[in-house]
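A.B. asks: test case, fold it:
(4 chains)
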Number of protein chains: 2
Amino acid sequence: MTGVSQATVSLVLNGRDDGSVRIAPETRERVLGAIRATGYVADPVARRLAARHNRIIGVFTYEPVFPAGTGDFYHPFLVGIEESAERLGCDLLLLTSAPVTDGRRRIFHDDNRLRLADGCVLLGRSLDRDELGRLVAEGQPFVSVGRRDDAGGPVPYVGADYAAATADVVRRALDAGHTRLAYLGQGAGPESHTDRFAGYRTALDAAGLPTRHEPTDRSPADLLDTLLDTGVTAVVVEEYADGVSLANAAVERGRTVPADLSILALGDPTRPTTSDLEFTGFRIPRREMGWQAVEVLTGLLAGVPGTVTQRLLPCQPVDGVTLLPPRH
Amino acid sequence: MTGVSQATVSLVLNGRDDGSVRIAPETRERVLGAIRATGYVADPVARRLAARHNRIIGVFTYEPVFPAGTGDFYHPFLVGIEESAERLGCDLLLLTSAPVTDGRRRIFHDDNRLRLADGCVLLGRSLDRDELGRLVAEGQPFVSVGRRDDAGGPVPYVGADYAAATADVVRRALDAGHTRLAYLGQGAGPESHTDRFAGYRTALDAAGLPTRHEPTDRSPADLLDTLLDTGVTAVVVEEYADGVSLANAAVERGRTVPADLSILALGDPTRPTTSDLEFTGFRIPRREMGWQAVEVLTGLLAGVPGTVTQRLLPCQPVDGVTLLPPRH
DNA sequence: TCAAGGCGCTAATACGAATTATCACGCCGA
DNA sequence: TCGGCGTGATAATTCGTATTAGCGCCTTGA
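C.D. replies: Residues are numbered from 1 along each chain as shown, chains lettered A, B, ... in the order given. Purely as a prediction, here's the structure:
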């Protein structure tokens, strides 16, 4: 249309008029006119092939992105991710094509499409260690939402400081006069669990008090009986839903929360559950985590020098109504 | 590593051993071995450049994808879209980079990235007519979630049959004995509104009864007075939230719903609102709409002949507690 | 004996942009 | 007249893959 070469169009399109390249203003206008007239837009894929980046951020989750069963636990993360992406002018690629084997999605498989994006954000309770290691080894740019242990190298993450938040919750119970506190949950497995348990242990150790770990495989009623029989006056629960079950069991047994037993929740519900009690504990800064994860990723990609790639964000304390001094 | 050409690797990688191409089993094994050893995966971008499609489905919404203010009205659509995409092995690209001008996102702008995807799904109460027309004119493959009028050509869509569902609701009120039914809402603007109003009008016309249209700009209390003063016994409300306001106003005035006034909701809440009443009306098959939108899109892309590209899905009637025969 | 065709693979090219070395041109000064 | 220099644009190459015509060799059948 304009009689210029493809190269010239490319230069005009990208507004290149720095020292090394010059386009006559008249030519530039002609090209821009043709672009406007035809509505031409450069093929982003070809562009990516040549430029080696495309402002696409992959989002990989081990559960469906738009959750049904997780009671929207992941929703706030995604809100933060989207807001951040929008601000940075990036698009999000939801890696929904990853096939599900053995009940979970896999990053690496025969038609790995991760590299469609410049980098990716990983979301999920527990990431597969092998896959994580491979990402690190291959130098794939990624950021995990949630702290992760090293996997053959440092893993970039934006996590919540569960250890500090849990220790704080425990200290609040200690300040209220409790001396026999149990930890209800796995306390192992995913980093989010071990961190909580570590915080619990730290706070009790510092106070010179014994720890007590209850697994979650017992019925709430049994569990309640055991706890009360052995003089436990406060329980910190890893999973919000387990706290709800325990409280319900207490009500059924004619006991009162928190008069008979204080219950402290270590975070937001990850399973759909309802309760009219507002549990004392803390909130996970989910939106902020999602937001910062994208920030860290783009920092990594741009090679920004000062970027801290391992971040722990503070949790917000929640006062709630489930903590009272113990009876004597 | 194996001494074969790039072309051979490509052929092995894609499992091409149909009639036209043959690879010696021994060679194939050697190549596969090298692939396993190195963990090589084809660059999806280059692949897309060559193949001219990439199994990416764009998702464009006129509101944030992960909604905050819309009370998760859009969530079920996205769940359906994701499920369908997962089943078809496609990834979803959320077009979050589209800049917001004059309070809404725009598809077309100077750095249009729609073409990154093979096609796209459009979501939103009202789509911009000009943009829609341009999509049609340019032959961009897309599907709208929600019925749309022609825009210089037929618009592919998967919508809810609001007209039929509304007519059905009105008939249920007529069957209960109502003869003075008002329509509360815009009744104009987006197709979803005009369709509802059309259904309302159709049902009343068929019964030989007069229609009555109330705009939403009045206070619920005023509105309630007017309705009752003029003998209206049932109201169909376009917006769930307006029904809630009206019901609340009734309670404040010492009236009872549905004894004094039946209220029928034409769909699910699009704004966050709470009410202990379960409104009589219908539910929008949101998940199914999202699901089928992706189906239609992939059908379009694959050029599947029999694909119906304009679909209206039935809404599910809800019995609820807000419809009773009128007092005499 | 020779054309026809099967076999397994590769060279070459396309995909659509970004990048860079280079070229043609005109002007100026020596 | 010739060389040097600033201008403005282009030819050629690159990114990593998919596709296809065709090569050289061998077998088969008439």
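
A.B. asks: can we go C-alpha only for contacts and neighbour counts from here?
C.D. replies: Fine.

A.B. asks: how about the residue of the stretch 151-300 of chain A found nearest DNA strand C, secondary structure?
C.D. replies: In the stretch 151-300 of chain A, the residue that lies nearest DNA strand C is residue A:298 (18.1 Å; Cα to the nearest atom of the strand). Put simply, residue A:298 is helix when judged by DSSP: H, G, I helix; E, B strand; the rest coil.

A.B. asks: that one: how many residues sit nearby?
C.D. replies: By the criterion of other Cα atoms under 10 Å in any protein chain shown, residue A:298 has 24 neighbours.

A.B. asks: what of residue A:136?
C.D. replies: Residue crowding around residue A:136 was assessed by other Cα under 10 Å; the count is 19.

A.B. asks: skipping its backbone neighbours, what lies nearest it in space?
C.D. replies: Once flanking residues are discounted, residue A:136 sits nearest to residue A:153: 6.4 Å by Cα to Cα, 6 or more residues apart in numbering or on different chains.

A.B. asks: touching, that neighbour and residue A:134? I think so.
C.D. replies: No - using Cα atoms under 8 Å, residue A:153 makes no contact with residue A:134, being 10.1 Å away.

A.B. asks: neighbour count for these two, which is higher?
C.D. replies: Neighbours of residue A:153 and residue A:134, each counted by other Cα under 10 Å, are more numerous for residue A:134; the result is 16 against 12.

A.B. asks: shouldn't the more buried one be within a helix?
C.D. replies: Yes - membership of residue A:134 in a helix is supported by three-state DSSP.

A.B. asks: just give me the neighbour total for residue A:80.
C.D. replies: Neighbour number of residue A:80 under other Cα under 10 Å is 22.

A.B. asks: typed the wrong thing, it's residue A:207
C.D. replies: When neighbours are counted by other Cα under 10 Å, residue A:207 comes out with 12.

A.B. asks: ok, it to residue A:173 distance?
C.D. replies: 12 Å (Cα to Cα, to the nearest Å).

A.B. asks: who's in contact with residue A:155?
C.D. replies: Applying Cα atoms under 8 Å, 6 or more residues apart in numbering or on different chains to residue A:155 gives the contacts A:136, A:143, A:144, A:148, A:149, A:310.

A.B. asks: drop anything exposed from the residues you listed.
C.D. replies: A:136, A:143, A:144, A:148, A:310 (16 or more other Cα atoms under 10 Å in any protein chain shown).

A.B. asks: out of those, flag the one nearest to residue A:55.
C.D. replies: Checking the buried ones among the contacts of residue A:155 against residue A:55 with Cα to Cα, the nearest one is residue A:143 at 15.4 Å.

A.B. asks: doesn't residue A:158 make contact with that closest one?
C.D. replies: Yes - here residue A:143 reaches residue A:158: they are 7.4 Å apart, a contact under Cα under 8 Å.

A.B. asks: which neighbours do these two share?
C.D. replies: In contact with both residue A:143 and residue A:158: residue A:293, using Cα under 8 Å, 6+ apart.

A.B. asks: kindly state the beta-bridge partners for the residue nearest the centre of chain A.
C.D. replies: When Cα atoms, centre = their mean is applied to chain A, the residue found nearest the centroid is residue A:145 (3.3 Å). Counting by DSSP bridges, residue A:145 forms beta bridges with residue A:158.

A.B. asks: please report how far it lies from residue A:74.
C.D. replies: 11 Å.

A.B. asks: try residue A:247
C.D. replies: Counting by Cα to Cα, the gap from residue A:247 to residue A:74 is 25 Å.

A.B. asks: can you check residue A:25 too?
C.D. replies: 51 Å.

A.B. asks: what pLDDT does the model give residue A:63?
C.D. replies: As predicted, residue A:63 sits at a pLDDT of 74.

A.B. asks: ugh, wrong one, residue A:37
C.D. replies: 88.

A.B. asks: residue A:47 now?
C.D. replies: pLDDT for residue A:47: 88.

A.B. asks: right, and the helix or strand after the host helix or strand of it?
C.D. replies: Residue A:47 belongs to helix A:44-51 when elements are defined using DSSP states H and E. As assigned by DSSP H and E, the chain's next helix or strand after helix A:44-51 is strand A:56-61.

A.B. asks: packing partners of that next one?
C.D. replies: The contact analysis (3 or more Cα pairs under 8 Å, 6 or more residues apart in numbering or on different chains; DSSP states H and E) places strand A:56-61 against strand A:91-94, strand A:119-123.

A.B. asks: tell me the strands beside it, with direction?
C.D. replies: Next to strand A:56-61 in the sheet, as set by DSSP bridges, lie strand A:91-94 (parallel), strand A:119-123 (parallel).
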